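Trainee: predicted coordinates and the sequence they were generated for:
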There are 2 protein chains.
Amino acid sequence: MGEKTLSKELIARLPRYFRYLDDYMNVGIKKVSSGELSHKMNVTASQIRHDLGHFTISGQQGYGYNVRELYDEIKRVLGLDKEKKVMIVGAGNRGKALISHRMFRNRGFKLEGVFDIAEMPDINGYHVFPINELPEFIKEHNTDLAILCVPSQEGSIVAKQVVDAGIKAILNFCYVDLDVPEDVIVENVHLRDNLMVLAYKYDNMPKE
Amino acid sequence: MGEKTLSKELIARLPRYFRYLDDYMNVGIKKVSSGELSHKMNVTASQIRHDLGHFTISGQQGYGYNVRELYDEIKRVLGLDKEKKVMIVGAGNRGKALISHRMFRNRGFKLEGVFDIAEMPDINGYHVFPINELPEFIKEHNTDLAILCVPSQEGSIVAKQVVDAGIKAILNFCYVDLDVPEDVIVENVHLRDNLMVLAYKYDNMPKE
DNA sequence: TAGATTGTTAATCGATTAACAATC
DNA sequence: TAGATTGTTAATCGATTAACAATC
């Protein structure tokens, strides 16, 4: 709530703004103008001002924006001020690799549980729970997001289990389009698609 | 070459078309109309016909499209008919997980080499080469694509090494925007961004 | 103050959708 | 043939960019 609905294009740009502002803060820069940021990020200054116009910060004519204010505002808009409880479902190669991801180290996302059908030893200090304990776990922990890393052929069935257990948001690594109720949000990560797009661009590079 | 340049939106849709057509083939369906496909993929039939109009296949009025022809055409457009030689640079958690990815099993992408700074045992039958052997390897194997999975703080430096060694296309898993020459193509996979977008949508779900 | 930069409105651009004549 | 569906053009929609008055 708050700002009117943002376009999907703008939403997709937010994490990038956030990252650059984080960089500015880390090097101790206190203010930034749309022109500077535009140069750095390789987008138009006009777009930046337009985007920022959706939020409740304001810059100062002749000066620019306060980096910290902007950072905090975008953090708020992205909902990163409220920590999200995350579970990983599927502890194969991919799931294992995600467990140690930096985003789970105090970056707004807290990894609370790891699940798999197979029994296996703890990973990185995380116990791996059997999938049938999902519903109880979700109820008890109020999990916000599920990361789905099971083999693709099991994606649909496990997604259903997760949704039935009450999850409303899924980051989907399976190479299928999940069929979920309207009130469940899915973000897909399809590495093969990314590679195909790269292959296309590679084959169709403007020839020198 | 061939078709005029396609919009980035259309390029991004191609892998999805390809996947659905693959599904049709696998269940033995021989023809499909824009209307059916539209229903299945949840896009407008108009968009499908518009998109397909860029290619050198044609449907048949009153009938639809031949699935195999369409599949082959999109495969060709994506450049999947010419196998791409791929290397993975960085054999940490993420790199290791990628080595066994299905896309390297006869899907148009051939994993030819794995590199890391650290010495380590073979992974999944792949020898891990030291990064300083990159230039020689690329020259010898004519590698097309590099997948960059080193720790983010090393992304820029390793990207430079890879580019200097002659690579023109990078799938970048590092959480930085790579600064590469114009003639080098980069596709970013920023999982944290995906998670942030998911978090945003989750917090801003239309309330029931 | 003069210069810089915002915030916002209008112009442009391009993608998506609608419509329908052509035709299998 | 009649019905279905394409291919394509025109209409619509929305995002990006340009422009500039307001103002710090």
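Mentor: Looks like it arrived, so ask away. Numbers count the residues shown, from 1 in each chain, chains lettered A, B, ... in the order given.

Trainee: so which bits of chain A are right by DNA strand C?
Mentor: A:33-35, A:45-46, A:49-50, A:52-53, A:58-65 (Cβ under 7 Å from any atom of the strand). (Glycine included, C-beta is placed from N, CA and C.)

Trainee: 10 Å - rerun?
Mentor: For chain A, the contact set with DNA strand C under Cβ under 10 Å from any atom of the strand comprises A:31-38, A:45-55, A:57-65, A:70.

Trainee: what subset of those residues is also close to DNA strand D?
Mentor: Among those, the residues within reach of DNA strand D (Cβ under 10 Å from any atom of the strand) are A:34, A:38, A:45-51, A:53, A:58-63.

Trainee: Provide a PyMOL selection command restricted to the buried entries of these.
Mentor: What follows is the PyMOL syntax for the buried subset of these, where burial is set by 16 or more other Cβ atoms under 10 Å in any protein chain shown:
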select buried, chain A and resi 34+38+48+49+51+59
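
Trainee: and the residue lying closest to residue A:31 once chain neighbours are set aside, what are its phi and psi?
Mentor: What sits nearest to residue A:31 in space, not counting adjacent residues and going by Cβ to Cβ, 6 or more residues apart in numbering or on different chains, is residue A:64, at 4.9 Å. Residue A:64 has phi and psi values of phi 130, psi -150 when expressed as degrees, to the nearest 10.

Trainee: with residue A:188 instead?
Mentor: Phi and psi for residue A:188, reported as degrees, to the nearest 10, are phi -100, psi 140.

Trainee: what sits up against stretch A:49-66?
Mentor: Stretch A:49-66 is contacted from outside by A:2-4, A:6, A:10, A:13, A:17, A:30-34, A:36, A:69-70, A:73-74, A:77, using Cβ atoms under 8 Å, 6 or more residues apart in numbering or on different chains.

Trainee: helix/strand/coil for the closest residue to DNA strand D within chain A?
Mentor: Ranking the residues of chain A by distance to DNA strand D (Cβ to the nearest atom of the strand) places residue A:62 first, at 2.6 Å. For residue A:62, the assignment made with DSSP: H, G, I helix; E, B strand; the rest coil gives coil.

Trainee: could you report the pLDDT at it?
Mentor: Looking at residue A:62, its pLDDT stands at 96.

Trainee: from residue A:73, how far off is it?
Mentor: Residue A:62 sits 21 Å away from residue A:73, going by Cβ to Cβ, to the nearest Å.

Trainee: what's the answer for residue A:88, then?
Mentor: Counting by Cβ to Cβ, the gap from residue A:88 to residue A:73 is 30 Å.

Trainee: so between those two, which is more surrounded?
Mentor: Applying other Cβ atoms under 10 Å in any protein chain shown to residue A:88 and residue A:73 shows that residue A:88 carries more neighbours, namely 28 against 20.

Trainee: so what's the more buried one up against?
Mentor: By Cβ under 8 Å, 6+ apart, the contact list for residue A:88 reads A:95, A:98-99, A:111, A:113-115, A:146-147, A:149.

Trainee: so which strand or helix has it?
Mentor: With elements taken from DSSP states H and E, the one containing residue A:88 is strand A:84-89.

Trainee: note down every partner strand of that strand and its orientation.
Mentor: The strands beside strand A:84-89 in its sheet (DSSP bridges) come out as strand A:109-116 (parallel), strand A:145-148 (parallel).

Trainee: who's in contact with residue A:104?
Mentor: Contact partners of residue A:104, counting by Cβ under 8 Å, 6+ apart, are A:86, A:110-111.

Trainee: where is the longest helix in chain A?
Mentor: Taking DSSP state H as the criterion, chain A has its longest helix at helix A:8-26.

Trainee: other residues contacting the helix or strand that that helix is followed by?
Mentor: Next along the chain after helix A:8-26, taking DSSP H and E as the criterion, comes strand A:31-32. Under the criterion Cβ under 8 Å, 6+ apart, residues A:21, A:24, A:63-67, A:70 lie in contact with strand A:31-32.

Trainee: for these, work out which two are farthest apart.
Mentor: A:21 and A:63 (16.4 Å; Cβ to Cβ).

Trainee: so chain A: which segments form each domain?
Mentor: Domain ranges of chain A: A:8-77, A:84-193, per automatic domain parsing.

Trainee: distance from the chain centre to the last one, please.
Mentor: Spelled out, that is domain A:84-193. Taking Cα atoms, centre = their mean, to the nearest Å, the mean C-alpha location of domain A:84-193 is offset from the chain mean by 13 Å.

Trainee: list the contacts for the nearest residue to residue A:178 once chain neighbours are set aside?
Mentor: Of all residues not flanking residue A:178 in the chain, residue A:159 sits nearest, at 4.6 Å (Cβ to Cβ, 6+ apart). Neighbour list for residue A:159: A:148, A:170, A:172, A:174, A:178-180 [criterion: Cβ under 8 Å, 6+ apart].

Trainee: tell me which of these is nearest to residue A:188?
Mentor: Ranked by distance to residue A:188 (Cβ to Cβ), these are led by residue A:172 at 5.0 Å.

Trainee: phi first, then psi, for that closest one.
Mentor: The phi/psi pair for residue A:172 (degrees, to the nearest 10) is phi -100, psi 110.

Trainee: among the contacts of stretch A:49-66, which ones are buried?
Mentor: With neighbours counted by 16+ other Cβ under 10 Å, the contacts of stretch A:49-66 contain buried members at A:6, A:13, A:17, A:31-34, A:36, A:69-70, A:73-74, A:77.

Trainee: could you dump those to a markdown table with pLDDT?
Mentor: As requested, the buried ones among the contacts of stretch A:49-66 are arranged in a markdown table below (pLDDT from 0 to 100):
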| residue | pLDDT |
| --- | --- |
| A:6 | 96 |
| A:13 | 98 |
| A:17 | 98 |
| A:31 | 97 |
| A:32 | 98 |
| A:33 | 98 |
| A:34 | 98 |
| A:36 | 97 |
| A:69 | 97 |
| A:70 | 98 |
| A:73 | 97 |
| A:74 | 98 |
| A:77 | 97 |
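
Trainee: now for these: which two are most distant?
Mentor: Taking Cβ to Cβ, no two of those sit farther apart than A:6 and A:31, at 24.5 Å.

Trainee: please name the residues that touch residue A:149.
Mentor: Taking Cβ under 8 Å, 6+ apart as the test, what residue A:149 contacts is A:88-92, A:94-95, A:98, A:173-174.
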